[in-house]
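In: Fold the stuff below for me.
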Amino acid sequence: MSAAIEIGGAQFELRDLGRNDRAALIGLHREVFGEGASDGWYVWKYVQGHGLGSGLWHDGRLVAHCGGVPRALWQEGERRTGIQIGDVMVAPQWRGVLTRRGPFFHVSQKFYDGHVGSEHAVAFGFPSERHLRLAVKTQLLWDGGPVHSLSWMTAHAPAPGWAWRWEPLDAGSPAFDSAIASAWSNMQAECGRFVVGERNADYVRWRFFRRPGRHHAAFALRRAWSRAVRGVAILDLAQPTAHWLDWIGRPSDMPLACTCCRAQAHAAGAQYLTAWATPAVAQSLAPSGILHSEVTAWLGIPRRSQLAEADVGRLAWWLMGGDTDFL
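Out: Prediction:
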């Protein structure tokens, strides 16, 4: 269903995107974010990932978009339908009207009203500080707090000790599903007080190993005397600075996993290892010898979510870089 609206004297059409809008979405994404979006990216995110989107059109051209990918969430032990907000963008020539009721507001409101609350109980995203301030002022989002980028030197990482084994995990191997299932079960055992995204094998394989243009690696942590996987780390080792994207396992094992990730990054030639972390994740990593910490993003929670405003400051979100759709 579409609606005609006026912004700053110009006429626009506001509607949800369909499969026939693939080229328009890819074109706007490239215009706003540069190279990266492609037919393969679209299939990965909006076909395989069941992505959704709302768009603002002017003279038959897509000029603003707000989208999201469904993601099962566990909120303090209860499974809920969720959606991770992404691809929020406005064409450069229309950013001058990035006001309280400009293209950004209308396209975001359209998406939240249509897809958050009933269809997906809880939504979250990672807006810039500027967009978060605007969305809070216009009653679109709650401020969920900062997300920090943590960093470590990779050289001279302490050895994990004889009792532990750290091994590559092939996403195409028969052992992958059982390894992720074991790691996710361990994670759930300690994450009952958090809001955490579900990390089953289907999700992990889709998120990290089917995305075009990215080369992620998985490593399994286990005891020397057992084949049972304790946890799984996902790393991006293709960049000069390695990035620890995700941890599937007990939060209490994160300092040990960090040591292993640092050593793996060093072996790959990276001088530094980084990781995105909400406060809950950063607290688990506090004993790991963090070199530097700085705010890199913000957590935005649409007010259409089935949450009370009091919950926003109370809930502890467990989010890392892998919980985004762009790292």
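
In: contacts and neighbour counts: CA atoms only from here.
Out: Will do.

In: and His277, how many residues sit next to it?
Out: Let me fix one detail, which is that residue 277 is Ala and not His. Neighbour count for Ala277, taken as other CA atoms under 10 Å: 27.

In: How about the contacts made by it?
Out: Taking CA atoms under 8 Å, 6 or more residues apart in numbering, we find Ala277 in contact with 147-150, 318-321.

In: Okay, and which of those residues map to strands?
Out: Counting by DSSP state E, those place 147-150, 318 in strands.

In: Closest to Ala228 out of those residues?
Out: Trp318 (24.0 Å; CA to CA).

In: Leu17: neighbouring residues, count only.
Out: Neighbours of Leu17 using other CA under 10 Å come to 19.

In: Surely it is in contact with Gly51?
Out: No. Using CA atoms under 8 Å, Leu17 is not in contact with Gly51; the gap is 10.1 Å.

In: Give me the buried positions along the strand or helix carrying Tyr42.
Out: Using DSSP states H and E, Tyr42 falls within helix 39-42. Buried residues in helix 39-42, counted by 16 or more other CA atoms under 10 Å: 41-42.

In: cool, and stretch 209-225?
Out: 209-212, 216-222.

In: quick check, nearest of those to Ala280?
Out: Ala280 lies nearest to Leu221 out of the buried residues of stretch 209-225, by CA to CA, at 21.3 Å.

In: Convert the C-alpha atoms of the host helix or strand of that closest one to PDB, please.
Out: Assigned by DSSP H and E, Leu221 falls within strand 216-223. The C-alpha coordinates for strand 216-223 follow below in PDB (Å, rounded to 0.1, in the frame of the first residue of the first chain):
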ATOM      1  CA  HIS A 216      35.200 -15.000   7.700                       C
ATOM      2  CA  ALA A 217      36.800 -17.800   9.700                       C
ATOM      3  CA  ALA A 218      35.500 -19.900  12.500                       C
ATOM      4  CA  PHE A 219      37.500 -21.400  15.300                       C
ATOM      5  CA  ALA A 220      36.400 -23.900  18.000                       C
ATOM      6  CA  LEU A 221      37.500 -23.900  21.600                       C
ATOM      7  CA  ARG A 222      37.400 -27.200  23.500                       C
ATOM      8  CA  ARG A 223      39.100 -29.100  26.300                       C
END
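
In: pLDDT (mean, whole number) over it?
Out: Taken as a whole, strand 216-223 carries a mean pLDDT of 98.

In: quick one: low-confidence ranges for the stretch 51-200 of the chain?
Out: 97-100 (pLDDT under 70).

In: now the helices for the stretch 201-327 of the chain?
Out: In the stretch 201-327 of the chain, the segments counted as helices under DSSP state H, counting those that start in this stretch are 201-204, 254-267, 279-284, 309-314.

In: Which strand runs longest in the protein?
Out: The chain, longest strand under DSSP E: strand 61-75.

In: Name every strand pairing with the next helix-or-strand element following that one and say which way it goes.
Out: Using DSSP H and E, the helix or strand that directly follows strand 61-75 along the chain is strand 78-90. Strand pairing for strand 78-90, using DSSP bridges, gives strand 61-75 (antiparallel), strand 122-124 (parallel).

In: most neighbours per residue, which of the ones you listed?
Out: strand 122-124 (a mean of 26; mean count of other CA atoms under 10 Å).

In: hmm, who's touching that strand?
Out: Residues from elsewhere that reach strand 122-124 (CA under 8 Å, 6+ apart): 80-85, 116, 299-302, 304-307.

In: quick one on the thing from earlier: can you tell me what sits against the strand holding Leu221?
Out: 163-171, 179, 208-209, 228-238, 257.

In: Between helix 254-267 and that strand, find me the angle.
Out: 130 degrees (axes from the mean of the first three to the mean of the last three CA atoms, to 10 degrees).

In: Strand 216-223 pairs with which strands, parallel or anti?
Out: strand 164-169 (antiparallel), strand 229-236 (antiparallel).

In: Between the ones you listed, which one is closest to Gly55.
Out: Across those, closest to Gly55 is strand 229-236 (CA to CA), at 31.8 Å.

In: average pLDDT across the closest one?
Out: Rounded mean pLDDT across strand 229-236 is 99.

In: Can I get stretch 144-162 as CSV, trimmed to CA atoms?
Out: Below are the C-alpha coordinates for stretch 144-162, written out as CSV (Å, rounded to 0.1, in the frame of the first residue of the first chain):
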residue,chain,number,x,y,z
GLY,A,144,19.8,2.0,24.0
GLY,A,145,23.3,3.2,24.9
PRO,A,146,26.7,3.1,23.3
VAL,A,147,28.5,0.3,21.6
HIS,A,148,32.3,0.3,22.1
SER,A,149,35.1,-0.8,19.9
LEU,A,150,37.6,-2.6,22.0
SER,A,151,41.2,-3.3,20.8
TRP,A,152,44.1,-5.5,21.8
MET,A,153,47.7,-5.9,20.7
THR,A,154,48.1,-9.3,19.0
ALA,A,155,51.8,-9.8,19.9
HIS,A,156,52.8,-11.6,23.1
ALA,A,157,49.3,-13.0,23.8
PRO,A,158,49.6,-15.5,26.6
ALA,A,159,49.2,-19.2,25.7
PRO,A,160,45.9,-20.8,26.6
GLY,A,161,47.5,-23.7,28.4
TRP,A,162,47.8,-27.4,27.9
